[in-house]
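> Compute the structure for the input listed below.
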Amino acid sequence: MGKMKEEEEELDFAEAEAKYEIMEKVGSGAYGTVCAARERSTERLFAVKKVENAFKHKAFARRTLREVKILRMLQHENIVGLHEILRPTDPVNFRDVYMVFELMETDLASIIKSDQALSNEHCQFFTYQLLRGLKYLHSCGIIHRDLKPRNLLVNSNCDLKICDFGLSRVDLGEHQRRMGRSVVNMTDYVATRWYRAPEVILSWVRYTESIDMWAAGCILAELCGRRPIFPGADSGKQIESIAKTLGRPTRDDIALVQKEKCRAFLKALPRKPTRSFKALYPDIDPWASDLLSKLIIWNPDYRLDATAALEHPYLQELHCPEDEPVGNKVQPAAFEFDNHALEVDPLRILILDEMRRYNEIDTIDLPKNVLQLTVPAVPFLELETKLDETKLEDKESESERDEGYGWGAESKKNVSSKTTMIKPNHIKGASPNNNSINRQNSLEDQTVMDALRHTETKMSEILL
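A predicted model of the protein is given here:
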């Protein structure tokens, strides 16, 4: 507790200590730390995520901006709610970003590794909520890209929420093609390796939300077997582990791989018979085995999407189309910044614009010279690859990736030291978060990007 207090005193957010009592560290990862905290005015418990050195590199800043934008736009029972972003005392030189979320008791990885008994009902209900959240997420045009048990938060009543959108992407391919721009390739270092779809490991240039469906299948398998289904030590071993269960991919599947080196690797895999999931998990529900066989497939075009997976017989007792909402497609203007070679300072301004939406003020006062001097004149670019992000992501060690954030708070006096899962209850319908936040997304996002483009134009005219 004392150490945490010392860390809190060093925060460069004036309202942090005034608004929240930092209680304990509940998890950490390569890009931040999560603490349990109590809001002083209401005594409510929250999780405070600290994104450290968010502006150390423009790739970090861009990633943080994507996450806060995405989370602001999502309102769903199975996606963790963003309560607020703390306002910095120094809007020009602040380094860290603090996001406040609802606090959950633990995460699915901790439950799987515990001695907690998991019935078929538990596996069904967790899977149903995951797919329900993915249906909404994908309907908004968002790919999570880092689904794993550690990023699925749960409570003792079996509520499940998807968290950690730091690696998420908005698929704007169709919009970019309509605008006559080259389609931005997504980086290949996504998701913890054990849950990484084969098309990602094999470096396909583009991929779809089907990579999330592969991860969902791996998570269901882990719920059934209480251990990861494909625990590869490296990318090659990961593909070999997959092939031991699915068999070698067909000639048509191999033809879809664009890199000759990867095709040669697949062709060299030994021919082995496919192992059924029922053989791997003899005690599981036969319909669970059938659902696994429709999610864990080499060819992403043949995987069930979230909507079809919810209609699978394994989930028939839970499936309720009227209670499985979809969202609105993300407005391209909200992520226009990804088509500009913005440096750190203008990204900081855009993050500040996100912060003001969670504060009881119309705007965060910025010195006039900030907007005038820190937004560079940059041309509108066709980004072929995000090399900076790829390099940074490749430096991230697998041990850090596997640790995750672990948002669950499982100790101290506020929650029990061991979470016992009770019998699942049916969810009662999606309801929006109770945040009094200004969510006029498309209009305000367009206004901000218009301001940036106006500044670029003016500075270009001056330079010319």
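
> where does the chain dip in pLDDT?
Applying pLDDT under 70 to the chain flags the ranges 1-16, 30, 172-191, 205, 360-464.

> Which residue ranges of it form strands?
With DSSP state E as the criterion, the chain has strands at 20-29, 32-39, 45-51, 82-85, 97-102, 106-107, 142-143, 152-154, 160-162, 169-170.

> Residue 307: which of the ones you listed is closest?
Closest to residue 307 of the strands of the chain is strand 142-143 (C-beta to C-beta; 15.2 Å). No exception for glycine: its C-beta is placed from N, CA and C like everyone else's.

> Within the sheet, what are the partner strands of the closest one, with directions?
Neighbouring strands of strand 142-143 in its sheet, by DSSP bridges, are strand 169-170 (antiparallel).

> contacting residues around the partner strand?
Strand 169-170 has contacts (C-beta atoms under 8 Å, 6 or more residues apart in numbering) with 66, 70, 141, 142, 143, 145, 186, 330, 334, 335.

> now do 10 Å
Applying C-beta atoms under 10 Å, 6 or more residues apart in numbering, the external contacts of strand 169-170 come out as 66, 69-70, 73, 140-145, 184, 186-187, 190, 207, 209, 329-332, 334-335, 338.

> just to revisit the earlier point, possible to save the strands of the chain as JSON lines with distance to residue 196 and mean neighbour count?
Putting the strands of the chain into JSON lines (distance: least, C-beta to C-beta, whole Å; neighbours: other C-beta atoms under 10 Å) gives the following:
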{"stretch": "strand 20-29", "distance to residue 196": "17", "mean neighbour count": "20"}
{"stretch": "strand 32-39", "distance to residue 196": "21", "mean neighbour count": "21"}
{"stretch": "strand 45-51", "distance to residue 196": "23", "mean neighbour count": "23"}
{"stretch": "strand 82-85", "distance to residue 196": "26", "mean neighbour count": "23"}
{"stretch": "strand 97-102", "distance to residue 196": "25", "mean neighbour count": "22"}
{"stretch": "strand 106-107", "distance to residue 196": "19", "mean neighbour count": "26"}
{"stretch": "strand 142-143", "distance to residue 196": "13", "mean neighbour count": "24"}
{"stretch": "strand 152-154", "distance to residue 196": "16", "mean neighbour count": "26"}
{"stretch": "strand 160-162", "distance to residue 196": "17", "mean neighbour count": "24"}
{"stretch": "strand 169-170", "distance to residue 196": "15", "mean neighbour count": "21"}
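
> Dump these to JSON lines, plus distance to residue 356.
Below are the strands of the chain laid out as JSON lines (distance: least, C-beta to C-beta, whole Å):
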{"stretch": "strand 20-29", "distance to residue 356": "19"}
{"stretch": "strand 32-39", "distance to residue 356": "20"}
{"stretch": "strand 45-51", "distance to residue 356": "18"}
{"stretch": "strand 82-85", "distance to residue 356": "9"}
{"stretch": "strand 97-102", "distance to residue 356": "13"}
{"stretch": "strand 106-107", "distance to residue 356": "31"}
{"stretch": "strand 142-143", "distance to residue 356": "23"}
{"stretch": "strand 152-154", "distance to residue 356": "27"}
{"stretch": "strand 160-162", "distance to residue 356": "26"}
{"stretch": "strand 169-170", "distance to residue 356": "22"}
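
> Which among those strands is found nearest to residue 266?
Of all these, strand 142-143 comes closest under C-beta to C-beta, at 24.0 Å.

> ok so, going back, which of the contacts of strand 169-170 are buried? Put it as a ChimeraX command.
This is the ChimeraX syntax for the buried subset of those, where burial follows 16 or more other C-beta atoms under 10 Å:
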select :66,69,70,73,140,141,142,143,144,145,184,186,187,190,207,209,330,331,332,334,335,338
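
> ok, back up a step: so which of the strands of the chain comes closest to residue 324?
Among those, strand 160-162 sits nearest to residue 324 (C-beta to C-beta), with 14.2 Å.

> Quick one: residues in contact with that closest one.
Outside strand 160-162, the residues touching it (C-beta under 10 Å, 6+ apart) are 74, 76-81, 101-102, 104, 107-108, 125-130, 132-134, 136-137, 144, 146-147, 151-155, 168, 212, 407, 424, 427.
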